[in-house]
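Asker: What would the 3D arrangement of this be:
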Amino acid sequence: MLLEIVSPEAKLFSAEVTSVTLPGVDGSFQILNNHAPIVSILGKGVVKITASSFAFAKELASKFIKLDDQNYTLAITSGTIEMKDNKVIILAD
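Answerer: Numbers count the residues shown, from 1 in each chain. I've put the predicted structure just below:
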């Protein structure tokens, strides 16, 4: 599935991913390929991205923390998420 993470400053990430775990306001939840359509509000926490490979713009790479070769995290303070037709869009602060 395609994941796009957009902040007020820039598009932070856009790539095919295996899964994404998000900090929902009522607890964390995970989205996998072919997930049902969803729109949700995100709270303060960490977005965990799992993918087979990663490529970040040099100026944005410092925002992400590498857990291992297939997992990165991004700290956010709030945001919204929309999942539809195997495309996940996160609007993050």
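
Asker: alpha carbons only for contacts and neighbour counts from here, please
Answerer: Will do.

Asker: Which parts of this protein are helices?
Answerer: Counting by DSSP state H, the chain forms no helices at all.

Asker: what residue ranges in it score low on pLDDT?
Answerer: Filtered on pLDDT under 70, the chain yields no residues whatsoever.

Asker: again, only using 90
Answerer: Where the chain drops to pLDDT under 90, the residues are 9, 53-59, 61.

Asker: Strands of that one, start to end?
Answerer: Here the chain has its strands, by DSSP state E, at 2-6, 11-16, 19-24, 27-32, 38-42, 45-50, 64-68, 71-76, 79-84, 87-92.

Asker: how much space is there between Ile81 and Ser62?
Answerer: Computed as CA to CA, to the nearest Å, the Ile81 to Ser62 distance reads 22 Å.

Asker: So between these two, which is more surrounded?
Answerer: When neighbours are counted by other CA atoms under 10 Å, Ile81 comes out ahead of the other of Ile81 and Ser62, with 18 against 11.
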